[in-house]
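> Kindly generate the corresponding structure for this input.
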Amino acid sequence: MQTTVRRVHFKSVCDALKSIALAMPGMPGVFVGESPRVGVLILPDGHNPGMLEELCLAAIQIYPDLQCVDEYFKCIHQQAKRQPNNLAKARVHAWLASQVEPDKRLGEAAEIGYLPWDSPAFDLLKKFLQAL
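Model prediction:
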């Protein structure tokens, strides 16, 4: 299932690249073309379906306060009988809301150092960007 999801997402991106006459890489993580160079990396880790927020959650797993966020959503589910449509996004937003500056969006939070850039969770992304 996960491999199929990755292939579908990769094919979708390649179809979009083709529709605007850009080079299409043969596989994720590889760059092709010269000007511009084109590469595709399917987040969160090239193996599992997901999104940027799941990559960030993998990085902040080291922080014990993330357990508080999980307890919060467990309580909401028990008391209100509901869960967010996108739990990964909701978990990241709740964790960000608990920071010293709670009004930061994910990109802003990354810029001011809330995310541990030395986390192995970011290694694949760093390698991809360095290959540019």
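
> pLDDT score for the residue most central in space within the chain?
Geometric centre of the chain, nearest residue: residue 52, 1.4 Å, by CA atoms, centre = their mean. Looking at residue 52, its pLDDT is 94.

> quick one: contacts of the helix or strand containing residue 11?
Element membership of residue 11, judged by DSSP states H and E, is helix 2-19. Helix 2-19 is contacted by residues 23-25, 27-28, 38, 40, 42, 46-49 when judged by CB atoms under 8 Å, 6 or more residues apart in numbering. (C-beta placed from N, C-alpha, C; glycine too.)

> Generate a PyMOL selection restricted to the buried subset of those residues.
In PyMOL, this line selects whichever of the contacts of helix 2-19 come out buried by 16 or more other CB atoms under 10 Å:
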select buried, resi 23+24+25+28+38+40+42+46+49
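
> The contacts of helix 2-19 into JSON lines, with extra columns for secondary structure, distance to residue 110 and pLDDT?
Shown next, in JSON lines, are these (DSSP: H, G, I helix; E, B strand; the rest coil; distance: CB to CB, whole Å; pLDDT from 0 to 100):
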{"residue": "23", "secondary structure": "coil", "distance to residue 110": "29", "pLDDT": "95"}
{"residue": "24", "secondary structure": "coil", "distance to residue 110": "29", "pLDDT": "95"}
{"residue": "25", "secondary structure": "coil", "distance to residue 110": "26", "pLDDT": "95"}
{"residue": "27", "secondary structure": "coil", "distance to residue 110": "27", "pLDDT": "90"}
{"residue": "28", "secondary structure": "coil", "distance to residue 110": "22", "pLDDT": "89"}
{"residue": "38", "secondary structure": "strand", "distance to residue 110": "24", "pLDDT": "96"}
{"residue": "40", "secondary structure": "coil", "distance to residue 110": "21", "pLDDT": "93"}
{"residue": "42", "secondary structure": "coil", "distance to residue 110": "20", "pLDDT": "89"}
{"residue": "46", "secondary structure": "coil", "distance to residue 110": "20", "pLDDT": "75"}
{"residue": "47", "secondary structure": "coil", "distance to residue 110": "22", "pLDDT": "71"}
{"residue": "48", "secondary structure": "coil", "distance to residue 110": "21", "pLDDT": "75"}
{"residue": "49", "secondary structure": "coil", "distance to residue 110": "22", "pLDDT": "75"}
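
> Understood, closing this out.
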